[in-house]
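A.B. asks: pasting the sequence and the predicted coordinates here, then a few questions.
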Amino acid sequence: MIEYILFAIGIFLLIKGAGFLVDSSSSMASKFGISKLAIGLTVVAFGTSLPELIVNVYASLKGTTDIAFGNIMGSNIANILLILGIGAIITTIKFKKSTIWKEIPFTLLAAVVFFLLCNKTAIDGIKNGYVTRTDGLIMLSFFLIFIYYIFELAKDRELDVVKDVEIKESSNLAIFLKLFGGVIALYLGGKWVVDGTVYAATQFGISQLLISSTIVAVGTSLPELVTSLVALKKKEMELSVGNIVGSNIFNIFFIIPAAALIAPLGVPALINFDFAFLIAATLLLFSFMFAGEKHQLKRWQGVSFLAIYAAYIAFLIFRG
C-alpha cells in the first residue's frame, strides 16, 4: 500500500516542482539578463533529468544495464513524440532558429554518437559490446562542447525572454529557494512515481527491458512532461522547448557517461531498433520545422507524434 501512497504524493510533487522550477527560471532569466532558452537547456533540463540520472546510477551499481539503456532510450523517444506531441495538441509550439539549426541537430548528433559507440564492437564482428569508461569520457567531451555553446548562447540578448510575459520580481533568496525546492520536488516525485509503477508492473512478471523502456521511461519523463506543459500554459515556449531538447542531450552526453564511469554498461542485444526509432523521431521533428507553417509544431503534427509513439509502445510490448 505504501508504494501507491508514495505514487500519489509523487504526482503532486511533480506538478508543484514543475511550477517552482518554471517560476524560478523565469525570474532568473529576467533578473540576470539570461535567455530563457539557455535556462531551459541547462537548469531546467538538468533538474527534470534527475530521475533518469538516479535510475541509471542505481542500475549501473546493481549491474542491471538493461534498465539503464531502456530508461534513456525510452525517455528520449517519449520526450520528442509524447511530450512535444501532447504540447502541440494543446497549443502551437514555436521554435527559434537557433533551436532548429543548432540544438535539434546536436540532439541528433548525440543519438548517432551513442549508436556508434554501442556498435563499435559489432562493426568488428564482436558480440556483446560494452559502453566503456573511455566511451563515457568521449561522450562527456561532447557534453562540455554543449555547455560551452550554452554559455555563448546566454550572452545573446536577442534570445531574451518573451516580452509580453509578466514575470514576478523576486529576491535572489526567493529564486534560489524556489529553484532548489523545485528540483528536490521533481527528484522525489519522479523517484516515487517510478518506484510505484515498477512495483505494480512487477506483480505481472514484466521483463526489466520492457519496464524500463515503457513504464520507467515515461515515469522518469514525467518531470519533463509536467514542466513543459506548465511552461506552455505560462506562454514560456523557450523554456518548454529548451527543456525537451536539453534533456535529450543531458540524457546521452551526461547521464549515460555518469553510469559508464561507475561500471561499463553491457549493450542489450535488441537496442538497435530503439536507436533507429530515436534517430527517426529526431529527423521527423527536424523535418516538421519546414512543413506547413515553418518553425512551428501544429496540432496535426502533435497527433502524428502520438500515433507514432503508440505504435512504438505496441512494438515494445510485442517484443517484450
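C.D. replies: Nice, I can see it. Numbers count the residues shown, from 1 in each chain.
A.B. asks: distance of residue 83 relative to residue 288?
C.D. replies: 15 Å (C-beta to C-beta, to the nearest Å). (Glycine included, C-beta is placed from N, CA and C.)
A.B. asks: and the two? Which one has more around it.
C.D. replies: Between residue 83 and residue 288, residue 83 has the larger neighbour count (other C-beta atoms under 10 Å), namely 26 against 22.
A.B. asks: check contacts around that one.
C.D. replies: 221, 224, 225, 228, 244 (C-beta atoms under 8 Å, 6 or more residues apart in numbering).
A.B. asks: how about CSV for those residues, with distance to residue 185, pLDDT and secondary structure added?
C.D. replies: Shown next, in CSV, are the contacts of residue 83 (distance: C-beta to C-beta, whole Å; pLDDT from 0 to 100; DSSP: H, G, I helix; E, B strand; the rest coil):
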residue, distance to residue 185, pLDDT, secondary structure
221, 16, 82, helix
224, 14, 79, helix
225, 15, 84, helix
228, 16, 83, helix
244, 20, 87, helix
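A.B. asks: so which of those residues is the closest to residue 211?
C.D. replies: residue 221 (14.1 Å; C-beta to C-beta).
A.B. asks: so who does the closest one touch?
C.D. replies: Residue 221 sits next to 74, 75, 78, 79, 82, 83 when contact means C-beta under 8 Å, 6+ apart.
A.B. asks: residue 119 now?
C.D. replies: 129, 267, 272.
A.B. asks: try it again with 10 Å
C.D. replies: Contact partners of residue 119, counting by C-beta atoms under 10 Å, 6 or more residues apart in numbering, are 129, 267, 271, 272, 275.
A.B. asks: mark which of those are buried, thanks.
C.D. replies: Applying 16 or more other C-beta atoms under 10 Å to the contacts of residue 119, the neighbour count classes 129, 267, 271, 275 as buried.
A.B. asks: ok, now how distant is residue 319 from residue 268?
C.D. replies: As judged by C-beta to C-beta, residue 319 and residue 268 stand 11 Å apart.
A.B. asks: got any residues that touch both of these two?
C.D. replies: Listed as contacting both residue 319 and residue 268 by C-beta under 10 Å, 6+ apart are 209, 213, 274.
A.B. asks: got the phi and psi for the second one?
C.D. replies: Backbone torsions of residue 213, given as degrees, to the nearest 10, read phi -80, psi -20.
A.B. asks: what about the chain, any weak spots by pLDDT?
C.D. replies: Applying pLDDT under 70 to the chain flags the ranges 30, 35-37, 40-41, 122-128, 154-170, 292, 320.
A.B. asks: tell me the centre residue of it?
C.D. replies: Geometric centre of the chain, nearest residue: residue 247, 3.4 Å, by C-alpha atoms, centre = their mean.
A.B. asks: phi, psi of it?
C.D. replies: Per degrees, to the nearest 10, the backbone of residue 247 is at phi -60, psi -40.
A.B. asks: re earlier: which of residue 319 and residue 268 has more neighbours?
C.D. replies: Shown here are residue 319 and residue 268; by other C-beta under 10 Å, residue 268 has more neighbours (21 against 13).
A.B. asks: Provide the secondary structure category for the more buried one.
C.D. replies: Per DSSP: H, G, I helix; E, B strand; the rest coil, the local secondary structure of residue 268 is coil.
A.B. asks: hmm, residue 68 and it touching each other?
C.D. replies: Yes: between residue 268 and residue 68 there is a contact under C-beta atoms under 10 Å: 9.4 Å.
A.B. asks: pull up the overlap in contacts between these two.
C.D. replies: residue 212.
A.B. asks: now residue 21: closest residue in space that isn't a chain neighbour?
C.D. replies: The spatially closest residue to residue 21, leaving aside those adjacent along the chain, is residue 182, at 3.5 Å (C-beta to C-beta, 6 or more residues apart in numbering).
A.B. asks: tell me how many other residues crowd that neighbour.
C.D. replies: If you count neighbours by other C-beta under 10 Å, residue 182 ends up with 27.
A.B. asks: report the contact partners of it.
C.D. replies: When the contact criterion is C-beta under 10 Å, 6+ apart, the partners of residue 182 are 13, 16-25, 43-44, 47-48, 223, 227.
A.B. asks: recalculate using a threshold of 7 Å.
C.D. replies: 17, 20, 21, 24, 47 (C-beta atoms under 7 Å, 6 or more residues apart in numbering).
A.B. asks: save the contacts of residue 221 as JSON lines, and put in distance to residue 302 too.
C.D. replies: Shown next, in JSON lines, are the contacts of residue 221 (distance: C-beta to C-beta, whole Å):
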{"residue": "74", "distance to residue 302": "19"}
{"residue": "75", "distance to residue 302": "19"}
{"residue": "78", "distance to residue 302": "14"}
{"residue": "79", "distance to residue 302": "14"}
{"residue": "82", "distance to residue 302": "10"}
{"residue": "83", "distance to residue 302": "10"}
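A.B. asks: compare the residues you listed and tell me which is most surrounded.
C.D. replies: Neighbour counts for the contacts of residue 221, by other C-beta under 10 Å, peak at residue 74, which reaches 31 neighbours.
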